[in-house]
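Student: Here is my input, please return the structure:
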Amino acid sequence: MHKTLAGAALTAVALLLPCPSGAAGPEEGAVRAAFPGADRIERDTLFLSHAEQERLRQRARAPVDSRLFPVFEAYQGDRLLGYGFIDQRTVRTKLATFLVALGPDGAVRKVRVLGWIEPPDYRPGERWLDQFEGQELSGSLRLGGAIQGMSGASLSSRTFTDGVRRILALYRVKLAERE
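Tutor: Next comes the predicted model:
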């Protein structure tokens with residue numbers, strides 16, 4: 001059990017550390033895994049005005065505590081394959097780090113846990129996370145709607161569902177007009 005917690009803690013810390021110039025870091029590696037056909041990953045930062053932050057909060061129906069969002073864009077040649085977002089949230093008392101990958105149309109392509117420090121019983125499995133694939137921002141994208149909660153892990157279910165809603169709303173507020 002200690003090895004599991006220590007490994008999760010190291011993963012979470014590694015995701016926060018900057019990479020040497022020219023080196024692909026764990027964040028880029030996670031995005032690359034979500035877009036295996038990509039030959040190029042570009043990192044950008046989305047800055048929200050106060051008005052955009054409020055629009056994001058309203059559309060997501062979830063807290064938005066930042067106005068700065070890193071985004072990874074995956075390309076194959078000149079063709080955009082999609083976007084990768086790394087989110088980090090406190091579930092109960094400890095951090096969870098997860099990837100939300102969107103297709104160029106803004107639909108969820110993948111959601112994966114990258115770092116987990118909470119007890120393993122509360123960690124979402126891949127099968128549960130697969131519920132998000134193909135989802136777009138809508139009123140049904142909620143617990144008890146398109147997403148079924150995990151038994152005994154309601155805080156994890158809510159954290160991930162809110163996180164995905166936040167990323168989908170961010171796509172609508174900042175990226176959809178680029179297309």
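Student: drop to CA atoms for contacts and neighbour counts, all remaining ones
Tutor: OK.
Student: Could I get the full set of strands for the chain?
Tutor: 40-47, 68-76, 79-90, 95-102, 108-116 (DSSP state E).
Student: Highest mean neighbour count out of those?
Tutor: Burial of the strands of the chain is given as mean neighbour count (mean count of other CA atoms under 10 Å); strand 95-102 ranks first at a mean of 24.
Student: Could you tell me the angle between that one and strand 108-116?
Tutor: Orientation check (axes from the mean of the first three to the mean of the last three CA atoms, to 10 degrees): strand 95-102 against strand 108-116 gives 160 degrees.
Student: what mean pLDDT does strand 95-102 have?
Tutor: Averaged across strand 95-102, the pLDDT comes to 96.
Student: And stretch 149-158, by the same measure?
Tutor: Average pLDDT, stretch 149-158: 92.
Student: surely residue 152 meets residue 122?
Tutor: Yes: using CA atoms under 8 Å, residue 152 is in contact with residue 122, at 7.5 Å.
Student: So in the protein, where's the weakest helix or strand by average pLDDT?
Tutor: helix 2-16 (a mean of 42; mean pLDDT, DSSP states H and E).
Student: chain center to stretch 166-173: distance?
Tutor: 11 Å (CA atoms, centre = their mean, to the nearest Å).
Student: And the contacts of it?
Tutor: 52, 55-57, 59-62, 64, 85, 100, 106-108, 136-137 (CA atoms under 8 Å, 6 or more residues apart in numbering).
Student: Kindly indicate which of those lies nearest residue 158.
Tutor: Nearest to residue 158 among these is residue 62, at 9.8 Å by CA to CA.
Student: Excluding chain neighbours, what is closest to the most centrally placed residue in the chain?
Tutor: By CA atoms, centre = their mean, the mean C-alpha position of the chain lies nearest to residue 100, the distance being 3.0 Å. The shortest distance from residue 100 to any residue other than its chain neighbours is 4.6 Å, reached at residue 111 (CA to CA, 6 or more residues apart in numbering).
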